[in-house]
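K.L.:
Here is my input; please provide its structure:
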Amino acid sequence: MSEKTIGFVGAGNMAEAMIRGLLRGKVFAPKDVTASAPREERQRELSETYGINATRDNREAARQDIVVLSVKPQIFGRILDEIAEAVGADALVISIAAGVPVSVIQSKLPPGTRVVRAMPNTPALVDAAATALARGEHARESDLDDARRIFDAIGITVVLDESQMDAVTGLSGSGPAYVFLILEALSDAGVKVGLSRRNAQLLAAQTLLGSAKLLLETNEHPGRLKDMVTSPGGTAITGLHTLENGGVRTTLMNAVEAATRRSRELGEALLTK
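P.N.:
Below is the predicted model of the structure:
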């Protein structure tokens, strides 16, 4: 994508993770990246760290071939109004704002604007994001290819219908919070049975990381991998029985369902504004 430019409207943690991954993967050169931030110290930090063009002007960031909308949903409408006239007729707009439907974005930008909606998650900060992409009605297949290249630089991507994006928000978008809660509980449990806090946390985190890697690399069903750990009358099956008795499976399913429902509610609220 060296012949294209990319602009980030908003330069928070997620945008910075994307910039870092894109530059590391040489998807873009620093001279082709622009990011807007309201504070001068943030602009200076981005410019000095990555060699990109950092600006206070959101419209400058929006005058690029690819425009990434990386601002909070609460100010999304105002920012779209601000940049609408700056977005070029041939620009691809990629939104990473949680819960904001493509129709809301299209309604505030010039008719026919090509939009791809993305839902990355916070492991993007360590190049381990899970990102779902949904193409708007005007976006081309080549736009989806460009979006995949961008998000593949910080993790893995899947392509879905927009109707499934609320489910993605409930699962992988909110999922890191569930996982950190589980990790905290496992660490507490390790301390309770006699391990130091540092060792308990390290062992819990590496166990989760290794288990996820085993699943991804073998592509085995998680139930089969679970059975590999459990032996008759052993420790793992005893622990699993306790988890099932506590309803951990149902609780996690309910959490994803509730978060999905909340994402849908937030999106519907935006549609009525």
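
K.L.:
In the chain, which residue is most central in space?
P.N.:
Pro120 (1.4 Å; CA atoms, centre = their mean).

K.L.:
Hmm, that one is touching Ala153, no?
P.N.:
No: contact between Pro120 and Ala153 fails when scored by CB atoms under 8 Å: they sit 10.9 Å apart. Every residue, glycine included, has its C-beta placed from N, CA and C.

K.L.:
so what sits against both of those two?
P.N.:
Met18 (CB atoms under 8 Å, 6 or more residues apart in numbering).

K.L.:
A strand includes Ala35, no?
P.N.:
Yes: checked against DSSP: H, G, I helix; E, B strand; the rest coil, Ala35 lies within a strand.

K.L.:
Which strand residues bridge it?
P.N.:
Using DSSP bridges, the bridge partners assigned to Ala35 are Phe8, Ala54.

K.L.:
The biggest helix by length in the chain: which residues count as buried?
P.N.:
In the chain, ranked by residue count with DSSP state H as the criterion, the top helix is helix 248-271. Neighbour-count burial for helix 248-271 flags 255-256, 259-260, 263-264, 267, 270 (criterion: 16 or more other CB atoms under 10 Å).

K.L.:
Same check on stretch 144-154?
P.N.:
Buried-residue list, stretch 144-154, by 16+ other CB under 10 Å: 144, 146-148, 150-151, 153-154.

K.L.:
can you check stretch 91-108 too?
P.N.:
Here stretch 91-108 shows 91-102, 104-106, 108 as buried, counting by 16+ other CB under 10 Å.

K.L.:
all helices of the chain, in order?
P.N.:
Using DSSP H, helices in the chain cover 13-24, 40-50, 58-62, 76-83, 102-108, 141-152, 165-168, 175-192, 197-218, 222-229, 235-245, 248-271.

K.L.:
of the ones you listed, which approaches Val126 most closely?
P.N.:
For Val126, the closest of those is helix 13-24, at 8.2 Å, according to CB to CB.

K.L.:
coming back round to it: if we take the buried residues of stretch 144-154, which one ends up nearest to Met18?
P.N.:
Using CB to CB, the buried residues of stretch 144-154 come closest to Met18 at Ile154, 5.9 Å.

K.L.:
tell me the contacts of the closest one?
P.N.:
Taking CB under 8 Å, 6+ apart as the test, what Ile154 contacts is 17-18, 21, 120, 124, 127-129, 131.

K.L.:
can you rerun that using 6 Å?
P.N.:
By CB atoms under 6 Å, 6 or more residues apart in numbering, Ile154 lies in contact with 17-18, 21, 124, 127, 129.

K.L.:
Just want to check the distance between the closest residue to Leu80 other than its chain neighbours and Ile66.
P.N.:
Among residues not flanking Leu80 along the chain, Lys108 sits closest, at 4.0 Å (CB to CB, 6 or more residues apart in numbering). Distance, Lys108 to Ile66, using CB to CB, to the nearest Å: 18 Å.

K.L.:
Kindly report the same for Gly233.
P.N.:
58 Å.

K.L.:
out of those two, which sits in the more crowded spot?
P.N.:
Ile66 (23 against 7; other CB atoms under 10 Å).

K.L.:
my guess is that one contacts Gly7, does it?
P.N.:
No: the criterion here is CB atoms under 6 Å, and Ile66 misses it with Gly7 at 7.2 Å.

K.L.:
just to revisit the earlier point, can you tell me the closest non-neighbouring residue to the residue nearest to the centre of the chain?
P.N.:
The nearest residue in space to Pro120 (CB to CB, 6+ apart) is Thr131, at 4.1 Å.

K.L.:
okay, now the one you found: neighbour count?
P.N.:
Neighbour tally, Thr131, other CB under 10 Å: 26.

K.L.:
And for the one 5 residues further on?
P.N.:
The criterion is other CB under 10 Å. On that basis, Gly136 has 20 neighbouring residues.

K.L.:
And the pLDDT for the spatially closest residue to it that is not a sequence neighbour?
P.N.:
Excluding its sequence neighbours, the residue lying closest to Gly136 (CB to CB, 6+ apart) is Val115, at 3.7 Å. Note on Val115: pLDDT of 97.
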